[in-house]
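Visitor: attaching a predicted model along with its sequence, questions to come.
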Amino acid sequence: MEFQWNKEQQAFRATVREFLDRHLPDNWERIAHGPGSTAQSHFSRQFCANLAAAGLLVPHWPQRWGGQDADAWSAFILAEEMWAAGEPRGGQYMNVNWIGPTLMRFGSEAQQRRYIPPMAQGETLWCQGFSEPEAGSDLASLRTKAERNQDQYCINGQKIWTSYAAEAETCFLLARTGSGKKGISIFLVPMDTPGITVVEIPSLIGEGDIHEVFFENVMVPASAMLGEEGQAWDIVRTALSLERVGIPRFALASRMLRRAIAMLKQRNDFHHGAVTQAARAHAACEAARLFSYEIIDQRQKGNTVGAEASVARVATVNAERMVAEYVVEHLPEALAGGDPLLLAHHQRGIVAGIASGAAEIQLNLIATQLLQLPREPR
Amino acid sequence: MDFSPNPDQIALNSALDKLAENFKTPPTDFRRFALLDNSLDQALENGGFFEAANIPELGPVSAAMMVETLARLPYTAEVALSMLVRPQLEGDWPRPLALVENGRPGRFVAEAATLIILDGDQVGLLSAPAGATVKVESLFAYPMGKTKEQLAFTPLDNTQASRIRTWLRVALSAEVAGLLQSALDAATEHLRLRKQFGRPLGSFQAVQHRMAECAVLTRGVRLLALQAAWSGDAGDAAVAALHAQESASRAVYDLHQFMGAMGMTLEFPLHLWTYRLKALLSELNGRSAQAHAVSEYCFLDNSEKSDD
């Protein structure tokens, strides 16, 4: 048992930090305010291209696809540092974490040749067409339909809460080709295909972040399907297992807690209650960090990770919430024209317990899989 | 980073598991608060388990794993201070050890050979003077005792005092982790079996979510305790102790709640873990003191970067 980084890992983290110091402009924290905004999306394209050139965009990918076969720890150290910096990769973190690896596993040769190199070079943005007005946590009830007509599919339906849709070139789209869970397929759909309309949803979480996406008689070739017809559920399960630990939100939460404490100390306002709450939030961040490392350790050893990943998610959601609430209580000016990164942290925290599997679903999984309590009758 | 025990630690854990097997079931007629069996203490002594922290291949993290494992048992013995604090003391202090905090009743005080005295900011070490302590009846499911009068002691220097406080925090966290796990297991078992409205209580989502939260807290306490035992860092220890006391105070209520009236009886052993947890809630001056220690050790500089 060992709770420290080895020399290579320390060096890798230092390299990532140096890169960030060199490449984040002075006004970065203002740009970071809207992760899906035009300003950040444009910045992220340049930033990711630079990251790729420095070998820091996809180090954990196979060499064949532009990576260096780096291990799970490197990928996570990279993710921690990027998230702590305000995620300058923007929506491209999805390519790096799961869209690229999913295409490597399930894509046709033509799909791989077309889509993977631009991801590895940091040149392209994807969006995830999963949720619908009637299909959130209950994803299997989605209704967007893809009907085959000879060598084409005609797609009709609506997606919602889609991040990065206004700036993305391609959508990783789930659509119904039959009934039930086995009747869902995945299509890789260029967002400039006629019949697609994107409408931004003004939200609490930042400029340009979530959208409705309408599909009206959108024609795609049969070759746009990822895997086989009806294989979506299996592919998505594998894809999400790549992203199980989720975003290392504790890394930015921890940094913002330190910033808040420094600000309170500076104005001589770090008093008894503020100290106690800060310590609790810090302990929650530390617990979340160790849970995540526990999962990465398992992944690195090639072991299957079960509901332990849900434990890490729940702990992370709790930690982020504690820090966000701390800032609201002790530094309310953060939400009123104050420090932009404290604001961005608050806004990103709003979705922490909702995006990529609601916290309540994680609690269900912990109860039934880890504690082996009986499932609730449905 | 490596979260798996090494081969020596695995061997020790399995030897301890074998020993613990004999102490897993309370006597069927047990209806009291504290459950003791001197043969547990004796078996641990004979097996050399108290020396683990000093063996380089094992180290204090191994001792913390053992404290966690032994805290899960219905039987109790003075294990945590002996395994985790004693190896850090200058000189050879006989066990068992007990903590006397501001003159309040404490665990194993009447049985202890060595007393660690916490009095305000001062820390002292004493061989327990004959006849200086007395047993106290309590709900706490530990043998409780207190000193008959305030004992004179020479305060230790700051370095020693601070090291003792750090390892007391590690010991507390490791023990809380095991107690929480057993309390959680007992309640989980009940929720799987007990049926109301035609289905197991554990199938109700309202119950499941609170139990899942307890599981998250319990696992977090364990990891933080192991990290603190591994590093011996004062900040890690303060974080672990704070999270342990926070989690104990949140989980104990829910676990009793879900056990219903059965959990109120001395027949069902839940109190062996929950009332030990309650004893640990107040130790080292409680949560607020741990929080201030976190602040003292972790929020020193204005850097936004963690120490990774």
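Guide: Perfect, thanks for sending it.
Visitor: poorly predicted segments of chain A, please.
Guide: When residues are selected by pLDDT under 70, those of chain A lie in A:244-245.
Visitor: check chain B too.
Guide: In chain B, residues with pLDDT under 70: B:306-308.
Visitor: residue ranges of the helices in it, please?
Guide: Ranges of helices within chain B are B:7-21, B:38-46, B:59-71, B:80, B:158-193, B:205-231, B:234-259, B:270-281, B:286-298, based on DSSP state H.
Visitor: report all helices and strands that the helix ranked longest in chain A contacts.
Guide: Criterion DSSP H: the longest helix present in chain A is helix A:272-300. Judged by 3 or more CB pairs under 8 Å, 6 or more residues apart in numbering or on different chains; DSSP states H and E, helix A:272-300 is in contact with helix A:72-84, helix A:249-266, helix A:308-330, helix B:205-231, helix B:234-259, helix B:286-298. In this view, the C-beta of every residue, glycine as well, is placed from N, C-alpha and C.
Visitor: would you list the ones you listed in a markdown table and tack on mean neighbour count and distance to B:V136?
Guide: Converted to a markdown table, the helices and strands packed on helix A:272-300 look like this (neighbours: other CB atoms under 10 Å in any protein chain shown; distance: least, CB to CB, whole Å):
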| stretch | mean neighbour count | distance to B:V136 |
| --- | --- | --- |
| helix A:72-84 | 22 | 49 |
| helix A:249-266 | 23 | 41 |
| helix A:308-330 | 24 | 37 |
| helix B:205-231 | 24 | 27 |
| helix B:234-259 | 24 | 21 |
| helix B:286-298 | 21 | 19 |
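Visitor: select, out of the ones you listed, the one closest to B:S162.
Guide: With CB to CB as the measure, helix B:234-259 is the member of these nearest B:S162 (6.5 Å).
Visitor: that closest one near chain A anywhere?
Guide: Yes: judged by CB under 8 Å from any CB of the partner chain, helix B:234-259 comes into contact with chain A at B:238-240, B:242-243, B:246.
Visitor: just want the angle from that helix to helix B:59-71.
Guide: Using axes from the mean of the first three to the mean of the last three CA atoms, to 10 degrees, the inter-axis angle of helix B:234-259 relative to helix B:59-71 is 10 degrees.
Visitor: the inter-axis angle of helix B:234-259 versus helix B:205-231?
Guide: Orientation note: helix B:234-259 sits at an angle of 150 degrees relative to helix B:205-231 (the same axes, to 10 degrees).
Visitor: what helices and strands are in contact with helix B:234-259?
Guide: If you count contacts as 3+ CB pairs under 8 Å, 6+ apart, helix B:234-259 packs onto helix A:272-300, helix B:158-193, helix B:205-231, helix B:270-281, helix B:286-298.
Visitor: same list (those) but as CSV, adding distance to A:E123.
Guide: Putting the helices and strands packed on helix B:234-259 into CSV (distance: least, CB to CB, whole Å) gives the following:
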stretch, distance to A:E123
helix A:272-300, 28
helix B:158-193, 48
helix B:205-231, 40
helix B:270-281, 55
helix B:286-298, 41
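Visitor: for A:T102, find the nearest of those.
Guide: helix A:272-300 (15.9 Å).
Visitor: wait, what's in contact with A:C127?
Guide: A:91, A:162-165, A:168, A:170-172, A:191, A:213 (CB atoms under 8 Å, 6 or more residues apart in numbering or on different chains).
Visitor: I meant to write B:G106 there.
Guide: B:98-100, B:144-146, B:283.
Visitor: and what of B:A186?
Guide: Going by CB under 8 Å, 6+ apart, B:A186 touches B:255, B:259, B:268-270, B:273.
Visitor: please apply the same query to B:G260.
Guide: When contacts are counted by CB under 8 Å, 6+ apart, B:G260 touches B:R194.
Visitor: contacting residues around the residue nearest to A:N318 when sequence neighbours are not counted?
Guide: Computed as CB to CB, 6 or more residues apart in numbering or on different chains, the closest residue to A:N318 that is not its neighbour in sequence is A:A284, at 5.6 Å. Residues near A:A284 by CB under 8 Å, 6+ apart: A:315, A:318-319, A:322, B:243.
Visitor: cool, and A:G338?
Guide: Going by CB under 8 Å, 6+ apart, A:G338 touches A:L331.
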